[in-house]
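J.: any chance you can model this:
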Amino acid sequence: MKGIAAIVLAAGASERMGRAKALLQYPAPLAGWPGPEAPNFLLACACKLRAAGAEVFAVLGHDAAEIQARVEAQAPAFAPRWVLNPDPARGQFSSLQTGVRAVLALAPAPAALVAPVDHPAFAIETARALLRAWRERGAPLVKPCCEGRNGHPVLYGREALAAIAAADADATARALQAQWAARAELVAVDDPGVLANIDTAEDYARLRAAFTAPPCPR
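T.: Take a look at the predicted model:
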């Protein structure tokens, strides 16, 4: 069995934030992180997913050159594999599909964790719990659930990855997930970070006030 993959979706225009969300500084340093400066959102996601045992891909679109340059300048050893969505205006599903197709082509994996870059506050243990649940039961879809609400990251099994890769361009993740609802696995976690969507400056201020970064071992 090939290793597990992870995909960070970071191709959006960040219009409501007014600046690239991928480059926002994470609220606190991560344990084991090189250098005094805390990582940006993209590197925080990549670091946590890597610590969970995944090979990390990041899908870029808007501001791609700047994001890639800044990430590689800050921590080249932690940089993910880069994938470019040539038309990010088509929406987040186009980035998901681009990332899944890259994973299946470049590093075939039986499952992939998918984390939007504006949901960086999940704990490493949450990613590990999703992987454990998938290994135990092989569900096509595994989601974290906190306080009765589903969050991110989401794990897609082999069946789901194949369906995403083959889907029409006008498909949505929500519609595809509905197909696997009866066999989806919900993993209860005590991790409010899975619910934190950082979409505006106010969201970012709340994140900085509410969350302390979990450890991120090398």
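J.: element containing the residue positioned nearest the centre of the chain, please.
T.: The centre of the chain sits closest to Ala115, judged by C-alpha atoms, centre = their mean, with a distance of 1.5 Å. For Ala115, the host element (DSSP states H and E) is strand 111-116.
J.: cool, Thr126 as well?
T.: helix 124-137.
J.: now that helix: average pLDDT?
T.: Helix 124-137 carries an average pLDDT of 95.
J.: next one: stretch 168-182
T.: In the prediction, stretch 168-182 has an average pLDDT of 93.
J.: picking up where we left off before, mind listing what the residue nearest to the centre of the chain touches?
T.: Counting by C-beta atoms under 8 Å, 6 or more residues apart in numbering, Ala115 touches Ala6, Ile7, Val8, Leu9, Cys45, Leu49, Phe122, His152, Pro153. In this view, the C-beta of every residue, glycine as well, is placed from N, C-alpha and C.
J.: which one of the residues you listed sits closest to Glu66?
T.: Val8 (16.0 Å; C-beta to C-beta).
J.: any figure for the gap between the closest one and Phe41?
T.: Distance of Val8 to Phe41, given as C-beta to C-beta, to the nearest Å: 9 Å.
J.: show me the strands in the chain, by range?
T.: For the chain, the strands defined by DSSP state E cover 5-10, 55-60, 81-84, 111-116, 141-146, 149-150, 154-157, 185-188.
J.: for the third one, packing partners?
T.: So that's strand 81-84. With contacts defined as 3 or more C-beta pairs under 8 Å, 6 or more residues apart in numbering; DSSP states H and E, strand 81-84 has these neighbours: strand 55-60, helix 92-106.
J.: tell me what the nearest residue to Pro88 once chain neighbours are set aside is bridged to.
T.: Once flanking residues are discounted, Pro88 sits nearest to Gly61: 2.8 Å by C-beta to C-beta, 6 or more residues apart in numbering. Counting by DSSP bridges, Gly61 is bridged to Asp63.
J.: got the contact list for the nearest residue to Arg70 once chain neighbours are set aside?
T.: For Arg70, ignoring the flanking residues on the chain, the nearest one in space by C-beta to C-beta, 6+ apart is Leu23 at 5.7 Å. When contacts are counted by C-beta under 8 Å, 6+ apart, Leu23 touches Asn40, Phe41, Leu42, Asp63, Glu66, Ile67, Arg70.
J.: can you tell me how far the residue lying closest to the fifth one once chain neighbours are set aside sits from Cys47?
T.: Spatially, and ignoring its direct neighbours in sequence, Glu66 is nearest to Ala20 (6.9 Å; C-beta to C-beta, 6+ apart). With distances taken as C-beta to C-beta, Ala20 is found 18 Å from Cys47.
J.: so between the two, which is more surrounded?
T.: Neighbour totals were compared for Ala20 and Cys47, and Cys47 leads with 25 against 22 (other C-beta atoms under 10 Å).
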